[in-house]
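A.B. asks: Give me coordinates for this.
(one chain, ligands or ions: 1)
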Amino acid sequence: MDSILVVNAGSSSVKFQVFGLDSEGRLSRQLKGQMDGIGSRPRLRASGASGDTLADRAYPIEAIPDVAVAMTVAGTWLREELRVTPLAVGHRVVHGGPNYDGPVLVDHGVVARLERLEPLAPLHQPHNLAPIKSILANFPALPQVACFDTAFHRGHDAVADHYALPYRLHEEGIRRYGFHGLSYEYIAKTLPKVAPEIADGRVIVAHLGSGASMCALHGGRSVESTLGFTALDGLPMGTRPGQLDPGVVLYLISAKGMTPDQLQDFLYRDCGLKGLSGVSNDMRELQASGDPRATFAIDYFVYRIGLYAGMLAAALQGLDAFVFTAGIGENSASTRGRVAEKLEWLGVALDPLENAKHALKISKPASRIPVYVVPTDEERMIAEHTLSLLWKMHPVGSTHARAS
Ligand code: AMP
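C.D. replies: Now for the predicted structure:
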C-alpha cells in the first residue's frame, strides 16, 4: 500500500506515524512510533493501528547520539523490517517565519530559509530540521513537505500581528506568530463535518495540553491567538509560565543575575503548572494530589482560560461556540466543567452528563453558546498537507512517484 510518513522531531525524541493511502486517495493511520531517550536511554517503540506492539528496543546511548541518527535508525527499521517505502515525508516544523502561510515542498533553498529562523525557536527548529536534512542527504529524490505551526495564523490582521515595538523589529521578524496552528487547522477543517452549525461562525478553540493556547476562529480562519513571538506567551502550560510582564524577565536578569541560557531553561522548563504547584506539570497528577498548591495551579489555569476567552470574544466581536481539544481539553471533564463556569457570563450552560461522557456537544440544548469537544489530530493534518502537495506535483493518476 502507498503511504505517507509523518515525522515530529523534538530535542530528545523523534515521533513518527505512517498513513496508508487507499485507491480512493483516503488516508488511514497504519502505525505510530517514536525513538525517545536520545542522549540518555534511547528506545524505539512502535505500535500498529490496533495498538499491537511492533517494536520495543533499547539502544546504547552512543548508538543514537542525536535526532538525525534517531531518524535514520527508525527509517531503516521502517524500510527494511516493515517494508514501508513512503511516497513522501511530512514534517512538523514549528516556525515558518513571516512568509510561509502554508506547507511547502522542501529543497535546499527552503532548508536554508528555515535555518535562518532557528534563533526564533532555538529549542525546536534545529531539531525539526535535523531529520529533513538527513533525509535530503540520503534520499534526495524523496519528496518532503514542511508543515508549520505558525502558518495557519499568518492571515491575522496587522493589529493582531504586531507588538508595540519600533517597526523595524517587526520587519526583522519580531511578530505575534501564534502556534499550535496544525491543531487549529485540523479543528477548523473538522467542524464543517461534525458541527456544521458553528463552522462558519465565531468560535474559540482551547487547545489544552502540555502546551496550551487558545485561538479565535472566524469562518474557519484564525483571527487571533494567545501565543505570540514564541510558545511562551498566553496560557500557563505544563512547564511554561504563559503571559508574563517583561519586567519580570528584566528583574531575573538584574536582581538574580540569570544568564540568557538559564532564563531560557527556567521559562521553558520550571514554570507553569510545575512551578506553581511544586508538584507536577501533569494535569492528572495535579488532580490526584491533595496538595493545596496543586489545587491552586489548577485554579490559576482555569482562571487564565476564562480571561483569555474574554479577550478572544472581543477579537471576534461576539461568540457563537466554544471548542475544547488536546490532552486536557479532550479528557478532563472536571477542567472543562470549571472552565465552563467561567464562561457562564458569555452564555455557556454545560450539560454535566454529556460532559462526563466526553460527548461531542457538552452544553445544554438551551445554552446560548454551544460547547464542543473535538479531538485534534495534528499528524493527520500533516499527512493531508503532504498528500495534497504530492498531488500538485503529480496530478491525479500518477501518484506513483516513489523516489526512495
Ligand atoms: P497533550 O500534550 O495534548 O498530550 O496533553 C497532555 C496533558 O493532558 C497532560 O497534562 C495530561 O495530564 C493531560 N491529560 C490527559 N488525560 C487526562 C485526563 N484523563 N484527565 C486530566 N488530564 C489529562
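A.B. asks: Mind pulling up the pLDDT for the closest residue to Arg368 other than its chain neighbours?
C.D. replies: Excluding the flanking residues, the one nearest Arg368 by C-beta to C-beta, 6 or more residues apart in numbering is Gly347, at 3.1 Å. Heads up, the C-betas are built off the backbone N, CA and C, glycines and all. Predicted confidence (pLDDT) at Gly347: the value is 97.
A.B. asks: my guess is Gly347 contacts Ala366, does it?
C.D. replies: No: Gly347 is not in contact with Ala366 according to C-beta atoms under 8 Å; the separation is 10.0 Å.
A.B. asks: When these two are compared, which one has more neighbours?
C.D. replies: When Gly347 and Ala366 are compared for neighbours, Gly347 comes out ahead with 14 against 8, by other C-beta atoms under 10 Å.
A.B. asks: tell me the phi and psi of the more buried one?
C.D. replies: phi 110, psi 20 (degrees, to the nearest 10).
A.B. asks: List the residues that contact it.
C.D. replies: Leu319, Ser367, Arg368, Ile369 (C-beta atoms under 8 Å, 6 or more residues apart in numbering).
A.B. asks: repeat that with 10 Å
C.D. replies: Shown in contact with Gly347 (C-beta atoms under 10 Å, 6 or more residues apart in numbering): Leu319, Phe322, Ser363, Ala366, Ser367, Arg368, Ile369, Pro370.
A.B. asks: Would you mind pulling up the elements that whichever strand or helix holds Val110 packs against?
C.D. replies: Using DSSP states H and E, Val110 maps to helix 108-115. Helix 108-115 makes packing contacts with strand 104-105, helix 125-138, strand 144-148 when contacts are defined by 3 or more C-beta pairs under 10 Å, 6 or more residues apart in numbering; DSSP states H and E.
A.B. asks: Highest mean neighbour count across these, which stretch is it?
C.D. replies: Comparing those on average neighbours per residue, with mean count of other C-beta atoms under 10 Å, the densest one is strand 144-148 at a mean of 27.
A.B. asks: what's the average pLDDT for it?
C.D. replies: Confidence over strand 144-148 (mean pLDDT, whole number) is 98.
A.B. asks: For the helix or strand following it, list every residue counted as buried.
C.D. replies: Past strand 144-148, further along toward the C-terminus, the next helix or strand under DSSP H and E is helix 158-161. Buried residues in helix 158-161, defined by neighbour count with 16 or more other C-beta atoms under 10 Å: Ala160, Asp161.
A.B. asks: got it, and stretch 257-273?
C.D. replies: Going by 16+ other C-beta under 10 Å, stretch 257-273 has these buried residues: Met258, Phe266, Leu267, Tyr268, Cys271, Gly272, Leu273.
A.B. asks: Which pLDDT does the model give the first one?
C.D. replies: To tie it back to what came earlier, the one meant is Met258. According to the predicted model, the pLDDT of Met258 comes to 98.
A.B. asks: For the residue of the stretch 151-300 of the chain at minimum distance from the ligand, list the residues it contacts.
C.D. replies: When C-beta to the nearest ligand atom is the measure, the stretch 151-300 of the chain has its nearest residue to the ligand at Gly209, with 2.4 Å between them. When contacts are counted by C-beta under 10 Å, 6+ apart, Gly209 is found next to 180, 183, 237-238, 283, 325-331, 376.
A.B. asks: Buried subset of those residues, written for ChimeraX?
C.D. replies: Filtering those down to the buried ones (16+ other C-beta under 10 Å) takes a single ChimeraX command:
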select :180,183,237,238,283,325,326,327,328,329,330,331,376
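A.B. asks: remind me, longest helix of the protein?
C.D. replies: Ranked by number of residues, the top helix in the chain under DSSP state H is helix 292-316.
A.B. asks: Check which residues of the helix or strand following that one are buried.
C.D. replies: Toward the C-terminal end, the helix or strand that comes next after helix 292-316 (DSSP H and E) is strand 321-325. Across strand 321-325, burial judged by 16+ other C-beta under 10 Å covers Ala321, Phe322, Val323, Phe324, Thr325.
A.B. asks: and strand 321-325 with helix 292-316, angle?
C.D. replies: Interaxial angle of strand 321-325 relative to helix 292-316 (axes from the mean of the first three to the mean of the last three C-alpha atoms, to 10 degrees): 140 degrees.
A.B. asks: ok, the residue of the stretch 301-404 of the chain found nearest the ligand to Leu343 distance?
C.D. replies: Checking the stretch 301-404 of the chain residue by residue against the ligand with C-beta to the nearest ligand atom singles out Gly327 as nearest, at 1.9 Å. According to C-beta to C-beta, to the nearest Å, Gly327 and Leu343 sit 20 Å apart.
A.B. asks: quick one: pLDDT of the residue located most distally from the centre of the chain?
C.D. replies: Using C-alpha atoms, centre = their mean, the residue of the chain lying farthest from its centre is Ala255. It sits 34.5 Å away. Confidence at Ala255, expressed as pLDDT, is 98.
A.B. asks: Many thanks, have a good one.
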